[in-house]
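>>> requesting a structural model of the entry that follows:
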Amino acid sequence: MRIAWFSPERPASAEEATAPLIAALAKRHAVDVIGESRAHDLVWANHRNHYDLSVYAIDNSPDAAYMWPYLLRYPGLALLLNSSLVASRSAALFRERRSSRLQDERDFADAGSWPLLWPALGGSRLTVVPHRGIAAALQVEYPDAHVASATLPCPGPAVVAPALPPGPLTIGCVAPTPAVRALVERAVTRARDIGLEIRWCEAEDVEGVVAGSHVVLALQWPTSGRPLLAAARAMAAGRPTIVFDTIETADWPAWDPQTWQHRDVADPTEPACITLDIRDDEHSLVLCLRRLSADPVLLARLGVGARAWWEREASPEVAVPAFEALLARAATLPDPARRVAWPSHLTDDATGLARETLQAFGLAFDELVPVR
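Numbering: from 1, shown residues only. All right, here's what the predicted structure looks like:
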């Protein structure tokens with residue numbers, strides 16, 4: 001398959017998340033990575049040697065703004081790496097000197113809790129997101145769109161990371177925000193107050209935290225639909241991992257630290273991590289530190305479960321073929337119909353705005369379907 005893969009040229013979440021996937025796909029397909037500096041070549045290159053599919057790895061950053069005209073003119077697979085595209089779309093409007101139209105577009109789209117996602121979903125043959133929970137929510141919100149989920153491949157070590165020698169529980173936190181670091185420090189202080197000996201791994205990079213910690217804290221918040229790369233890399237190394245209980249982690253088999261039972265009692269899969277309720281994060285984290293400090297058997301079991309999840313879901317051997325199947329599906333789907341319904345609150349007096357908005361999204365004005 002010949003693929004035109006749109007990805008920002010600057011270091012960004014899209015590049016970091018998709019680099020292993022692109023490298024794996026390039027071994028079996030002709031993948032032409034198109035950054036902003038080469039985007040203008042797409043028209044003549046596609047005319048000369050037609051691409052089988054265009055893929056748009058779009059996130060909520062200004063670096064992805066250049067993709068919008070191509071995404072809507074050359075429908076393909078939209079790899080949605082964020083549950084909001086407001087910043088990306090704002091940057092695109094700024095480049096077109098139409099920044100004042102951002103709120104108009106939001107009103108026109110009537111997007112509700114998924115800001116400005118409708119052009120990407122409605123303008124693509126297939127939209128893929130990294131998490132099953134978000135895919136399900138988007139499918140309900142946009143029943144006419146084709147939505148699927150795919151775990152992005154996470155290269156892991158050939159063997160499980162060697163266990164640290166017995167001793168005081170050592171924890172490490174991957175790329176904590178100031179708020180998350182303050183949360184962890186409060187929990188550690190409370191744990192020490194009740195007599196626990198907790199050590200802190202001061203490594204700053206993921207590899208250092210994984211190598212130097214009994215337990216890895218991958219507490220990303222808010223996640224906004226982004227791939228949870230740090231958690232996946234920790235679990236790939238067979239390290240017990242603690243994450244927040246969010247829509248992004250909803251389908252991961254996990255322990256509930258309040259009861260030390262499987263979070264989903266109907267799921268027989270061995271838990272791969274521990275999830276913290278965001279409403280009780282500090283107390284739940286103290287419970288984790290207390291139990292894991294006193295239970296080396298559970299600590300080892302968590303590491304085995306984490307590695308098993310990675311092998312089953314996120315290893316390149318599994319994740320890449322699953323994504324290839326989605327590429328094949330997108331290549332056979334027809335382009336989306338160039339029709340759109342506007343909400344009832346858009347009156348006849350707003351036809352000028354409707355015309356400008358639709359033209360920005362690559363839609364002809366005479367294809368409007370009024371819904372009263």
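
>>> can I get stretch 137-155 as CSV, trimmed to CA atoms?
What follows is stretch 137-155, C-alpha atoms only, in CSV (Å, rounded to 0.1, in the frame of the first residue of the first chain):
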residue,chain,number,x,y,z
ALA,A,137,-18.2,7.9,23.1
LEU,A,138,-17.4,9.5,19.7
GLN,A,139,-19.5,6.9,17.9
VAL,A,140,-22.5,7.8,20.1
GLU,A,141,-21.9,11.5,19.6
TYR,A,142,-21.4,11.1,15.8
PRO,A,143,-23.4,8.1,14.7
ASP,A,144,-22.8,8.7,11.0
ALA,A,145,-19.0,8.7,11.3
HIS,A,146,-16.8,5.6,11.1
VAL,A,147,-14.9,5.4,14.3
ALA,A,148,-12.5,2.7,15.5
SER,A,149,-9.8,2.3,18.2
ALA,A,150,-6.3,1.0,18.0
THR,A,151,-3.6,0.8,20.7
LEU,A,152,-0.4,2.4,19.3
PRO,A,153,2.6,0.1,19.3
CYS,A,154,5.1,0.6,22.1
PRO,A,155,8.5,-0.9,21.6
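
>>> could you pull up the mean pLDDT of that stretch?
For stretch 137-155, the mean per-residue pLDDT is 93.

>>> per-residue confidence for the nearest residue to Thr246 once chain neighbours are set aside?
Spatial nearest neighbour of Thr246, chain neighbours left out: Thr223 (5.5 Å); criterion: Cβ to Cβ, 6 or more residues apart in numbering. Bear in mind the C-beta positions are built from the backbone N, C-alpha and C, glycine included. The predicted structure scores Thr223 at 86 on the pLDDT scale.

>>> next up, the contacts around Thr223.
Counting by Cβ atoms under 8 Å, 6 or more residues apart in numbering, Thr223 touches Phe244, Thr246, Glu248.

>>> so which of those residues belong to strands?
Phe244 (DSSP state E).

>>> where does this protein dip in pLDDT?
11-15, 89-90, 92-115, 158-163, 338-372 (pLDDT under 70).

>>> per-domain residue ranges of it.
Domain assignment of the chain by automatic domain parsing yields the ranges 2-153+320-370, 169-314.

>>> which secondary structure state does Asp264 sit in?
Following DSSP: H, G, I helix; E, B strand; the rest coil, Asp264 is assigned to coil.

>>> actually, Val43.
Strictly by three-state DSSP, Val43 counts as helix.

>>> roughly how far does it sit from Ser54?
Val43 sits 12 Å away from Ser54, going by Cβ to Cβ, to the nearest Å.

>>> likewise for Ile171?
Taken as Cβ to Cβ, the span from Ile171 to Ser54 is 44 Å.
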